[in-house]
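1. Sequence plus the predicted model coming up.
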Amino acid sequence: MGHLDHATFGWLTPALSYVMACIGAALGLRCTVRALGSTGRSRRNWLLTAASAIGTGIWTMHFVAMLGFSVSGTDIRYDVPLTILSLLVAVVVVSAGVFAVGYSRDRNRALLLGGLTTGLGVASMHYLGMAAVRLHGDVRYDPMLVALSVVIAVVAATAALWAALNIRSPVAVTAASLVMGAAVSSMHYTGMFAVSVRVTPSGSPLPGATAMQFIFPLAVGLGSYLFLTSAFVALSPTAGEREASASAQQPVTGAAR
């Protein structure tokens, strides 16, 4: 059996991956709050931004954590198409959950269905990402830990959607995002602790790209997207601020006439 190390670089990758999960959750919650206060095309655009932020944050968290993953006795490569597919799966399933909550009239039913769909999608993203791993050996999973990781994913997704519906203040959103980041990280590492590898030594080259060739540049790009989108959302006026600005301008317009 190969020895698995989930923190090759010490606490750097677990801490950084947690930060990315928190940023994605915070940005997604803020965008969902904006969406629920909007209508028409504006609501749709805010929901799309929320879904892309949460999905991107979860994916980035997973693969930043994977930068610290190593197995003794074998190199590790990543299948590029499968890795990209895992990102698309994350965004699509989160979109389904967010839009269900954003447009459904029965919020409780949408919360349950959206949480289940999104949680299963997050788990699928994780294990699809793991299926992209190429190494010299056989990867096996502990069924009980896999099931536990799926339960954590569903609970975390449901809690995130509940927070989007019920939390409004920036302080509360920050607290919720810290909890969500911890939940997503717990799901990831529970799934990783389910992994065992039986190494088969071989001198043949592995297919795919190394983490530094592909995962690291993509994670940096998506992380930059999250930071830039966070800045945009922070600077974008809320519906209340726009109404206050319009009200303040009305007397001036009337006086000019």
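-> Everything's here; your move.

2. okay, which residue is most central for the chain?
-> In the chain, the centroid-proximal residue (Cα atoms, centre = their mean) is I58; its distance is 2.0 Å.

3. thinking it is in contact with V94, fair?
-> Yes - with contact defined as Cβ atoms under 8 Å, I58 counts as touching V94 (7.4 Å). Placement of C-beta: from N, CA and C, glycine included.

4. Please identify every residue contacting each of those two.
-> Common contact partners of I58 and V94 (Cβ atoms under 8 Å, 6 or more residues apart in numbering): V122.

5. for the residue lying closest to the residue nearest to the centre of the chain once chain neighbours are set aside, what are its contacts?
-> Closest residue to I58 apart from its sequence neighbours, by Cβ to Cβ, 6 or more residues apart in numbering: A90 at 5.4 Å. For A90, the contact set (Cβ under 8 Å, 6+ apart) comprises G55, T56, I58, W59, G121, V122, M125.

6. neighbours of R30, just the number please.
-> Applying other Cβ atoms under 10 Å, we find 27 residues neighbouring R30.

7. Tell me which other helices or strands the helix or strand hosting it touches.
-> Counting by DSSP states H and E, the element that carries R30 is helix 12-36. If contacts are counted by 3 or more Cβ pairs under 8 Å, 6 or more residues apart in numbering; DSSP states H and E, helix 12-36 sits against helix 40-66, helix 80-103, helix 143-166, helix 170-193, helix 216-235.

8. Farthest pair within the contacts of A90?
-> Distance extremes for these: the farthest pair is T56 and G121 at 13.6 Å, using Cβ to Cβ.

9. The spatially closest residue to V19 that is not a sequence neighbour: neighbour count?
-> Nearest-residue entry for V19: G181, 7.5 Å, with adjacent residues in sequence omitted and distances by Cβ to Cβ, 6+ apart. G181: 24 surrounding residues under other Cβ under 10 Å.

10. For M125, see how far away G181 is.
-> Using Cβ to Cβ, to the nearest Å, we find G181 at a distance of 16 Å from M125.

11. cool, V151 as well?
-> 16 Å.

12. Can you give me the buried ones in stretch 200-217?
-> For stretch 200-217, a neighbour-count test (16 or more other Cβ atoms under 10 Å) marks L206, G208, A209, A211, F214, I215 as buried.

13. Can you tell me which of those residues lies closest to G2?
-> When the buried residues of stretch 200-217 are compared for distance to G2 (Cβ to Cβ), L206 wins out at 14.0 Å.
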